[in-house]
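>>> let's see this in three dimensions:
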Amino acid sequence: MGKIIGIDLGTTNSCVSVLEGGKPRVIENAEGGRTTPSIVAYTDDNEILVGQSAKRQAVTNPTNTLF
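Sure, this is the predicted structure:
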């Protein structure tokens, strides 16, 4: 049987969990956080940033940052 996941696409933060042994477990992001900011940004080099890295550069790159 496949795994069951739950996705919370929030307006401020997003979160993903998986059902393991009948109990939900939140999957940590690459930085170890249980939630990820719901932000996407594009750099001048056409790199796509998501989550915390996009949030960090929002002040210096507001035109290319989507909340």
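
>>> from the chain's centroid, how far away is stretch 45-58?
11 Å (Cα atoms, centre = their mean, to the nearest Å).

>>> stretch 32-42 too?
Relative to the chain's own centre, stretch 32-42 is displaced by 3 Å; criterion: Cα atoms, centre = their mean.

>>> how about stretch 7-25?
Relative to the centre of its chain, stretch 7-25 is centred 11 Å away, using Cα atoms, centre = their mean.

>>> next: stretch 54-62.
Distance, stretch centre to chain centre, for stretch 54-62: 15 Å (Cα atoms, centre = their mean).

>>> can you give me the end-to-end distance of that stretch?
10 Å (Cα to Cα, to the nearest Å).

>>> rounded mean pLDDT for it, please.
For stretch 54-62, mean pLDDT rounds to 96.

>>> so who does the residue nearest to Ile48 when sequence neighbours are not counted touch?
Once flanking residues are discounted, Ile48 sits nearest to Tyr42: 6.1 Å by Cβ to Cβ, 6 or more residues apart in numbering. For every residue, glycine as well, the C-beta is placed using N, CA and C. Residues near Tyr42 by Cβ atoms under 8 Å, 6 or more residues apart in numbering: Ile48, Leu49, Asn64.

>>> count the residues that sit near Gly51.
Other residues within reach of Gly51, judged by other Cβ atoms under 10 Å, total 20.

>>> pick out the residue nearest the middle of the chain.
Nearest to the mean C-alpha position of the chain, by Cα atoms, centre = their mean, lies Thr36 at 3.5 Å.

>>> where does the chain dip in pLDDT?
Scanning the chain for pLDDT under 70 picks out the ranges 1.

>>> what residues are up against the residue lying closest to Asn29 once chain neighbours are set aside?
Nearest residue to Asn29, sequence neighbours excluded (Cβ to Cβ, 6+ apart): Thr36, at 4.8 Å. Each residue near Thr36 by Cβ under 8 Å, 6+ apart is listed here: Asn13, Ser14, Cys15, Asn29, Val50, Gly51, Gln52.
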